[in-house]
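1. Sequence first, then the predicted structure, then my questions.
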Amino acid sequence: MKTLPSIENAFLLIENGVIKAFGPTSVAPERADEIIDATGKFVFPCWCDSHTHIVYAGSRENEFVDKIHGLSYEEIAKRGGGIVNSALRLANASEEELFDAAWIRLEEMQNFGTGAVEIKSGYGLSYEGELKMLRVIKRLKEKSKLTIKSSFLGAHSFPAEFKQNHEGYLDLLINRMLPQIAHEGLADFIDVFCDRGFFSPDETDRILQAGARHGLRPKIHANELDYSGGIEVGVKNNALSVDHLEFTGDEQIEVLRNSATMPTLLPSTAFFLGLHYSPARKMIDAGLPVAIATDYNPGSSPSGNMPFVVALACIKMKMLPEEAVNAATLNSAYAMDVENELGSVTVGKKARVFITKPLSSLAYLPYSFGSNLVEQIII
Ligand code: NIG
Ligand code: FE
C-alpha cells in the first residue's frame, strides 16, 4: 500500500493506445509523432471508480434537507424516501432519459481523471426496471471510451409490495430476473445490499449462489449500517470486493486477510451521511489492501469526484497519499477485474493516463482538496 513507484524527469511512450515504454528521459526515444511536454507536472494512471450507481432519474436533495433537519438515512428510507424513492422515478423515466443523464455524469467523472467505471442497477426493483437499467449500462459501455463494468443489484432494497414477502422477491430475482440478464449478457457482477433493514446474510447467500450459477462474481454492499455479516458472506462466496465496511472489527479483518476479496471503502458516503469512517488505517496496518471509490448515487454520495475521495481517504481515514493513490488505481482496478489492463503505468497496459497541472509533490494532490488539478486526460 505504501509503495508507489515514480520516476522524476521521465518519458512515457504510447503507441496504438498502449503503453509502449517509460523510463528516465536520458533513455527516451529520439522522436515521436506527437510530443506532450509535461514539465513540472505529474502523469498518473487514470482512476478506476469501482463502485457507482450513476444510472438514475432525478435527484434527492429534498432528503438531503431532511437530513439537515436531523432525520437519519434509515428514517428517510422508512418514510418511503431513499432507494424506493429513486425506484419510483426510474419507473417513469425512459431509457433515453436515463442514458442522457448518466452520460453527463460519466463526462464529469472523466474530467476528474476517471478512466474506468463500474455501474450498478438497483433502482429498478422490478423485472422491467432492472432490465431497463442494465440495458442503459450496456449502451453506455458501447458508446463510451471509458471502460465500464456492470453489476446486477436487484437486491438493493425490497420493493414496497414485497416488504412482507421476502420469499416472493427472492423468487422473482433468482428465477426471473437473473436468467434473463444472463441470457442477454447484461451483467458482469452480482451485488446485494447486505445490511440491517435490507438483505440478511442468508438471503444474500442464496442470491450470490444463484448469481454464481450464471457466472456472476459477487461485489457486495456490506457493513455500512451495522456488523451485518455481509463481509463474511461475501468472502464465503469469493466476492471480488466487499464495499462500504464502516463496521469492520478484528474478526472481519481476519476473515478478509484470508481471502481474495478486495475491501473497498467509500469515504464520500461517510462524509455525506455523517457516518463514521471505515477503519482504513487499522485494516492496512493489519496487512490488508484497500480500494476506494465514489459510490456516486443520488442518496448517499451525489458526487463522482475521485480526487475528493482520495483527499478524504487521507484527511479522514489517515491514509498516506501513496496509499490513497494505490487504492484509487491498481486496487480499485482489481475490484472491478480490470487490473490486467488498467490501474498502473505498466508496459502493455492501456494508455489511459491523466496529466496534472504543475504540482510541487504527490501530497499536494490530496492536500488541495476540492480543486481539480487534472489538466489533460488521455484515453
Ligand atoms: O451505496 N447502501 C446502499 N446503496 C447506496 C445508496 C443508494 C441510495 O440511497 O440511493 C449506497 O450508499
Ligand atoms: Fe453503493
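-> Yep, that arrived. Ligands and ions are numbered 1, 2, ... in the order given.

2. which ones are touching the closest residue in space to residue 218 that isn't next to it in sequence?
-> Leaving aside its sequence neighbours, residue 218 sits nearest to residue 239 (CB to CB, 6 or more residues apart in numbering; 4.0 Å). The C-beta positions use only the backbone N, C-alpha and C, and glycine is treated the same way. Residues in contact with residue 239, defined by CB atoms under 8 Å, 6 or more residues apart in numbering, are 208, 217-220, 261.

3. Format the residues you listed as CSV; extra columns: secondary structure, pLDDT and distance to residue 170.
-> Conversion of these to CSV gives the following (DSSP: H, G, I helix; E, B strand; the rest coil; pLDDT from 0 to 100; distance: CB to CB, whole Å):
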residue, secondary structure, pLDDT, distance to residue 170
208, helix, 98, 12
217, strand, 98, 20
218, strand, 98, 16
219, strand, 98, 19
220, strand, 97, 15
261, coil, 98, 23
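
4. what two of those residues are the furthest from one another?
-> Using CB to CB, the pair of these lying farthest apart is 208 and 261, separated by 12.1 Å.

5. Common neighbours of the two, please.
-> In contact with both residue 208 and residue 261: 234, 239, using CB under 8 Å, 6+ apart.

6. the helices in the stretch 251-379 of the chain, which residues?
-> 267-273, 280-285, 306-317, 321-328, 330-334, 364-367 (DSSP state H, counting those that start in this stretch).

7. correct me, but residue 224 touches residue 246?
-> Yes. Using CB atoms under 8 Å, residue 224 is in contact with residue 246, at 5.4 Å.

8. More neighbours: those two, which one.
-> A direct count of neighbours by other CB atoms under 10 Å for residue 224 and residue 246 places residue 224 higher, at 26 against 21.

9. Can you pull the phi/psi pair for that one?
-> When read as degrees, to the nearest 10, the backbone of residue 224 gives phi -90, psi -40.

10. who touches it in this structure?
-> Per CB under 8 Å, 6+ apart, neighbours of residue 224: 195, 244-247, 269, 275.

11. Now with 10 Å, please.
-> Applying CB atoms under 10 Å, 6 or more residues apart in numbering to residue 224 gives the contacts 73, 193-196, 198, 230, 243-247, 266, 269-270, 273, 275, 278, 295, 300.

12. May I see the ChimeraX selection of the buried members of those?
-> In ChimeraX, a selection of the buried entries from the contacts of residue 224 looks like this (16 or more other CB atoms under 10 Å):
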select :73,193,194,195,198,230,243,244,245,246,247,266,269,270,273,275,278,295,300
